[in-house]
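S.K.: no FASTA, just this:
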């Protein structure tokens, strides 16, 4: 049987559990299939010597020439039976992959057993009774979180119920205790500290740091392996699913906001299959895809046996090592989309272009502690002064003022939560701002205006560097308001950003910016006309020419989370980044130095481990206050 015939027969099937990518059937329903297909299945199982008693459900793929046999030994006894074993059969390659879940603490489980049976099956109505119990208390409202044993049990408890020995749902006599593993009742910052660096992989940890794992976004771990990341995400109540060809082949993959393709493409031997995997993962992303792969240089290929465009490791596994530039080119050319570097070996591809602009804007936003800067010494107030408009509504007016400082302009209604209250009291934003000018230091507002405009100029300059040209009406509404407030017209903003980008090709401009930065920054070291060294926390305090110069370099490298010191080289068009073992130590040790060569669009990594002894930073106080 060929794929065309197989696909035609599968699409004729009307019974079973119908999903977009596959149909699931109980073994007892085989006789109801089209005759050619019902005869074909036993030929496959006999050829593979998989006895009928070893499997209960059949999965027929709608899009691929594949089928799966699923073992649910307790299908008839348990209302929610766990998956014990699976065989995924690729009929085009004549290959089979097995996955064993028998010893798993959190195996996939089955719901709605009646949907897998034919309409005439005697147990169909009995199985449906259990489904109705779950529907009555809302257990099926979010199907993504009920696919595994622990997720299912956690949801039942959260609803105030428990499973009896015969599988029925009964209310708990006492209110269930709150789960200490789900911290998402508070702010994003609490969530970030709750997720451990030791337990989450690098790509997803970066997403947590940027606020993408705050519970608002769904996550698909495509190529999840044994599911370490999934377990951590599930413990924190994040809506997630995972698929893996070896360990979780039976997961029904659904589109999610974020898709993680973590260190998958580097273990695929065939380049075409890598491209297909990348495209397939991207097709499931609503907002963004994270792609990560192993980085290496030519020395890697000297240590292992070459094979195709990669190597065979000592564990007899294939690995394709990329340079940072090669990985970016592979992803961009395969998807015909631009990438955003997150860190070495990790790139994001934003399908939602508004989300991409928000991310890049946030990267350039300067942070200042406005509340501390604007505090004024307490004054003794007379009774008459206490009755003034400001004193009566001090907290409201202060919140409005801090919002103005954060934006560098007057907010729109949806940018200030208490806008109606403020307008009822003051009449308009302009009148409220006039009141603020009498009570606060107006120079702080002028400073925030200047800083926000500079942030935007850096954003537009780096946009030109990345050859991005976004239509005004496709921009986030907040950015449209910024453009109008600070530049008047979009064309003026782009023109100024373009001029700024071209200015950084002038060595004299970079030297003057380094000299100015050395005067402005709380701590730094200027080494003649060679370089400037400063801590990364001071980057957005630098002159905008230097911010763009360094920004162009880090477009290829990614975020600076692990970096401590930045060294822009004035004459050579390079930027060095220094990573230390623990910056809080009195004498931190240099563990890695990264040299970004902008003219070549390449990166050199130098590790100070093993035979290369880490270098102590004896003059740390030069770079700290």
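M.R.: Done, it's in. Being a predicted model, the structure only gives us computed values, none of them experimental.
S.K.: Start and end of stretch 85-104, how far apart?
M.R.: End-to-end distance for stretch 85-104, by CA to CA, to the nearest Å: 11 Å.
S.K.: which residues sit against that stretch?
M.R.: By CB atoms under 8 Å, 6 or more residues apart in numbering, the residues outside stretch 85-104 that reach it are 1, 3, 6, 44, 48, 50, 54-55, 64-71, 82-84, 107-108, 245-250. Bear in mind the C-beta positions are built from the backbone N, C-alpha and C, glycine included.
S.K.: Could I have the buried ones of those as PyMOL selection syntax?
M.R.: Buried residues within those, by 16 or more other CB atoms under 10 Å, are selected in PyMOL with:
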select buried, resi 6+44+50+55+65+66+67+68+69+70+71+82+83+84+107+108+247+248+249+250
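S.K.: Next, count neighbours for residue 331.
M.R.: By the criterion of other CB atoms under 10 Å, residue 331 has 24 neighbours.
S.K.: Now for it: which residues touch it?
M.R.: 278, 291, 337, 339, 347, 349.
S.K.: Which ones among those residues map onto helices?
M.R.: Among the contacts of residue 331, DSSP state H puts residue 278 in helices.
S.K.: and which of the contacts of residue 331 is nearest residue 266?
M.R.: residue 291 (10.2 Å; CB to CB).
S.K.: From the chain's centre, how far out is stretch 576-584? Work that out for me.
M.R.: Stretch 576-584 sits 25 Å away from the centroid of its parent chain (CA atoms, centre = their mean, to the nearest Å).
S.K.: Give me the domain ranges for the protein.
M.R.: 3-116, 188-351, 375-440, 507-623 (automatic domain parsing).
S.K.: okay, how far is it across the last one, tip to tip?
M.R.: Taking CA to CA, the first and last residues of domain 507-623 lie 24 Å apart.
S.K.: neighbouring contacts of stretch 8-22?
M.R.: Applying CB under 8 Å, 6+ apart, the set of residues contacting stretch 8-22 is 23-26, 29, 32-34, 36-37, 59-63, 112, 115-116, 118-119, 252-253.
S.K.: out of the residues you listed, which are inside strands?
M.R.: 23, 24, 25, 26, 59, 60, 61 (DSSP state E).
S.K.: my read: residue 430 touches residue 410, true?
M.R.: Yes - judged on CB atoms under 8 Å, residue 430 makes contact with residue 410 at a distance of 7.5 Å.
S.K.: Show me where the stretch 351-500 of the chain dips below the pLDDT cut-off.
M.R.: Within the stretch 351-500 of the chain, the segments meeting pLDDT under 70 span 367-390, 469.
S.K.: From residue 557, how far out is residue 295?
M.R.: Noted for residue 295: a distance of 11 Å to residue 557, by CB to CB, to the nearest Å.
S.K.: Need the residues touching each of these two.
M.R.: By CB under 8 Å, 6+ apart, the residues touching both residue 295 and residue 557 are 324, 344.
S.K.: State the distance from residue 214 to residue 261.
M.R.: 21 Å.
S.K.: cool, residue 457 as well?
M.R.: 34 Å.
S.K.: which of these two has more neighbours?
M.R.: residue 261 (26 against 23).
S.K.: which SSE is that one in?
M.R.: strand 256-262 (DSSP states H and E).
S.K.: Going by neighbour count, list what's buried in that strand.
M.R.: Buried residues in strand 256-262 (16+ other CB under 10 Å): 256, 257, 258, 259, 260, 261, 262.
S.K.: Of the residues you listed, which pair is most distant in space?
M.R.: 257 and 262 (16.1 Å).
S.K.: Spell out the secondary structure type for residue 241.
M.R.: Here residue 241 is recorded as strand under DSSP: H, G, I helix; E, B strand; the rest coil.
S.K.: That one: neighbouring residues, count only.
M.R.: Residues near residue 241, counting by other CB under 10 Å, number 26.
S.K.: Over to residue 265?
M.R.: Residue 265: 25 neighbours (other CB under 10 Å).
S.K.: Backbone dihedrals for it, please?
M.R.: Backbone torsions of residue 265, given as degrees, to the nearest 10, read phi -70, psi -20.
S.K.: next one: residue 271
M.R.: Per-residue torsions, residue 271: phi -60, psi -40 (degrees, to the nearest 10).
S.K.: Next: residue 89.
M.R.: phi -110, psi 120.
S.K.: Kindly report the same for residue 589.
M.R.: phi -110, psi 130.
S.K.: is it true that residue 138 touches residue 160?
M.R.: No - in this structure, residue 138 is not within contact of residue 160 by CB under 8 Å, at 10.9 Å.
S.K.: higher neighbour count, the two?
M.R.: residue 160 (13 against 10).
S.K.: could the domains of the chain go into JSON lines alongside distance to residue 495?
M.R.: Formatted as JSON lines, those follow (distance: least, CB to CB, whole Å):
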{"stretch": "domain 3-116", "distance to residue 495": "47"}
{"stretch": "domain 188-351", "distance to residue 495": "22"}
{"stretch": "domain 375-440", "distance to residue 495": "20"}
{"stretch": "domain 507-623", "distance to residue 495": "15"}
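S.K.: which of the ones you listed has the lowest average pLDDT?
M.R.: Out of the domains of the chain, domain 375-440 stands lowest, with a mean of 76 (criterion: mean pLDDT).
S.K.: can I assume residue 403 is in contact with residue 419?
M.R.: No - taking contacts as CB under 8 Å, residue 403 lies outside contact range of residue 419: 9.7 Å.
S.K.: Need the contact partners of stretch 394-407.
M.R.: 368, 370-371, 374, 390, 410-411, 415-416, 418, 421-422, 425-426, 429, 432-433, 435-436, 439-440, 444-445, 448, 452, 482.
S.K.: Now residue 148. Nearest residue, chain neighbours left out?
M.R.: Excluding the flanking residues, the one nearest residue 148 by CB to CB, 6 or more residues apart in numbering is residue 106, at 5.0 Å.
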